[in-house]
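sequence plus the predicted model coming up.
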Amino acid sequence: MNVHFIAIGGSAMHNLAIALSRKGYIVTGSDDEIFEPSKTRLEKQGILPKNIGWNIDMIHPKLDAVILGMHAREDNPELQKAKDLNIPIFSYPEYLYEQSKDKIRLVIGGSHGKTTITSMLLHAINKIGLNVDYMVGAQLEGYDCMVKLSEDAKIMILEGDEYLSSPIDRRPKFHLYKPNIAIISGIAWDHINVFPTFENYLDQFDIFCQLIEPNGTLVYNVEDLEVNKLGEKYSSKIKTVPYETPNFEPTTSGTILHFVGKDYHLSIFGPHNLQNLMGALRLGEAIGIQPDEFLKAMNDFKGAGKRLQKVAEKENFVMFKDFAHSPSKLMATTNAVKHQYQSRKVIACMELHTFSSLKKEFLPHYKNSMAKADVALVYFNPEVVKHKKLEPISNRQVLDGFGGNVVVTNKTSEVLEFINQQDLSNSVLLMMSSGTFDGINYEELGKELEAKL
């Protein structure tokens, strides 16, 4: 097979390109910008484009398929030539479906928890020794490529993102996978630039359920109101498997999980993490992994990449970084840390960085999302707001949106000053962002704070 990627440098696209190259496909690609780590990974695989930019000469009749990334525009010259030559054009999720249509497809959906549940399931599968194909939306520790495609694996695990498929296909990605087994972990309005109302966003999950294959299975979180409604709605049409937060108790090293009369020692902590664990357990059960076998395999699971990742630790201080940015993720992460470290001062810092989070109308959804923190700070850069072509927001609007229990700043130096002013003895520092607060090196900061204690 001869496949060309338009916008090969994307975080998802370059992983798929590497996976197909490893499968023996002839892979070419182009992009008008390629950043690290995509650049080095593509180069190592021998498929890094020789030149940056679009090149219509890359599109020729011998191509079996063109895969179009979200970074490309509708008027892309390579796309136009592919259309003129009638070469089959696929979005990233469409091509993943093509690669897995003869396999059992297990799709992990939800506004939050997708990467964690996916990584939990893969951790258990790897320890047990099952052969599966997969696609994960984030970089996980121990993997050099987040897509695996093979001829012999009978199961494909897909992280089901609800964002758009491509510039010419406005369907959410997870509508294209047609799962045999699916999970919805939670629903909290996100991507408001695409889904302008909560009702419109909800509809996408309803459609997802409709697309589960006949005789398929839906695993669902009964503690989420909207997810529970979907579970009940589809219980007469497909097999539905509910799950909820299990009984557990915090320990100094993590958690003791009480399940079916047995105790399991885990490194992860917090109600939300344990809830995700039960979702992953039920997915494992659906592909033949017994709960006891699954939970024993999870004893050394440390967490998904960038999700409550420990940066520094001393006897009376610990620092985490986390990818949390939406209100539901922010609340879940802050609550988990306070639940685990009840006697410690929790210092929470977050950065408004995504399109939704910087939109004036969306700010009220953050109300009390960091209420469990003892002190909290919110940072945003007005230049990022301008770059995203959004209406300016003020510090007062952010303060009111969060409920007034936060400090709001626009300067990285003031974030660091805020942290350094705190009494860090017997404390937890939580840095939450999909960015870096415009230049904070978390590892260096962790070392500096450790040295002060």
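It's in.

tally of neighbours for residue 373?
Counted with other CB atoms under 10 Å, residues neighbouring residue 373 total 23. The way it works is simple: take the backbone N, C-alpha and C, and place the C-beta from them, glycine included.

same question for residue 331.
What residue 331 shows, counting by other CB under 10 Å, is a neighbour count of 21.

got the contact list for it?
Going by CB atoms under 8 Å, 6 or more residues apart in numbering, residue 331 touches 368, 369, 370, 372.

just these now: which is nearest residue 415?
Within the contacts of residue 331, proximity to residue 415 (CB to CB) peaks at residue 370, which comes in at 14.5 Å.

report pLDDT for the closest one.
pLDDT for residue 370: 95.

how about residue 306?
pLDDT, residue 306: 69.

how much space between residue 80 and residue 44?
Counting by CB to CB, to the nearest Å, the separation of residue 80 from residue 44 is 31 Å.

equivalent analysis for residue 442, please.
Distance from residue 442 to residue 44, by CB to CB: 26 Å.

before we move on, the earlier item: filter the contacts of residue 331 to the buried ones?
Among those, the ones that count as buried by 16 or more other CB atoms under 10 Å are 369, 370, 372.

what's the separation between the first one and residue 115?
Remark: distance between residue 369 and residue 115 (CB to CB) = 20 Å.

same deal with residue 407?
Counting by CB to CB, the gap from residue 407 to residue 115 is 29 Å.

before we move on, what about residue 327?
18 Å.

quick one, which of those two is more surrounded?
Applying other CB under 10 Å to residue 327 and residue 115 shows that residue 327 carries more neighbours, namely 26 against 23.

distance of the residue lying closest to residue 365 once chain neighbours are set aside from residue 371?
Nearest non-adjacent residue to residue 365, counting by CB to CB, 6 or more residues apart in numbering: residue 327, 4.7 Å away. According to CB to CB, residue 327 and residue 371 sit 11 Å apart.

check residue 21 too.
Going from residue 21 to residue 371 by CB to CB gives 48 Å.

and these two? Which one has more around it.
Taking other CB under 10 Å, residue 21 and residue 371 do not tie; residue 21 has more neighbours (19 against 16).

name the nearest residue to the residue of the chain most remote from its centre, sequence neighbours excluded.
Note on the chain: the largest C-alpha distance from the chain mean falls to residue 61, namely 36.7 Å (CA atoms, centre = their mean). Of all residues not flanking residue 61 in the chain, residue 85 sits nearest, at 5.8 Å (CB to CB, 6+ apart).

next up, the contacts around that neighbour.
By CB under 8 Å, 6+ apart, the neighbours of residue 85 are 59, 60, 61, 63.

please name the nearest non-neighbouring residue to the first one.
Closest residue in space to residue 59, ignoring its immediate chain neighbours: residue 81 at 4.3 Å, by CB to CB, 6+ apart.

and the residue nearest to residue 332 when sequence neighbours are not counted, how many neighbours?
Closest residue to residue 332 apart from its sequence neighbours, by CB to CB, 6+ apart: residue 272 at 3.9 Å. Counted with other CB under 10 Å, residues neighbouring residue 272 total 24.

and residue 272, what element?
Assigning secondary structure by DSSP states H and E places residue 272 in helix 271-286.

quick one: buried residues of the helix or strand just after that helix?
Next along the chain after helix 271-286, taking DSSP H and E as the criterion, comes helix 291-297. Of all the residues in helix 291-297, those buried under the rule 16+ other CB under 10 Å are 291, 294, 295, 297.

closest one to residue 336 out of those, please.
Set against residue 336, the nearest of these by CB to CB is residue 295 (19.2 Å).

how about that closest one, nearest residue that isn't a chain neighbour?
Of all residues not flanking residue 295 in the chain, residue 264 sits nearest, at 4.5 Å (CB to CB, 6+ apart).

in a strand, that's where that neighbour is, yeah?
Yes - remark: residue 264 belongs to a strand, assigned using DSSP: H, G, I helix; E, B strand; the rest coil.

OK, contacts around it?
256, 257, 295, 296, 298, 299.

among these, which two are most distant?
Among the contacts of residue 264, 256 and 296 lie farthest apart (CB to CB), at 13.8 Å.

residue ranges of the strands in the stretch 151-300 of the chain, please?
Here the stretch 151-300 of the chain has its strands, by DSSP state E, counting those that start in this stretch, at 155-160, 164-166, 169-172, 181-184, 217-221, 239-243, 247-251, 254-259, 262-266.

in terms of secondary structure, what does the fourth one contact?
Judged by 3 or more CB pairs under 8 Å, 6 or more residues apart in numbering; DSSP states H and E, strand 181-184 is in contact with strand 104-109, helix 198-210, strand 217-221, helix 225-233, helix 271-286.

what's it in contact with?
Residues from elsewhere that reach strand 181-184 (CB under 8 Å, 6+ apart): 104-110, 117, 160, 205, 208-209, 212, 216-221, 224, 227, 230-231, 279, 282-283, 286-287.

can you pull out the low-pLDDT segments for this structure?
For the chain, applying pLDDT under 70 flags the ranges 305-306.

how close does the residue nearest the centre of it sit to residue 393?
Against the mean C-alpha coordinate of the chain, by CA atoms, centre = their mean, the closest residue is residue 115 at 4.5 Å. Plainly put, residue 115 is 28 Å away from residue 393 if you go by CB to CB.

can you check residue 250 too?
Taking CB to CB, one finds residue 250 at 37 Å from residue 393.

perfect, that will be all.
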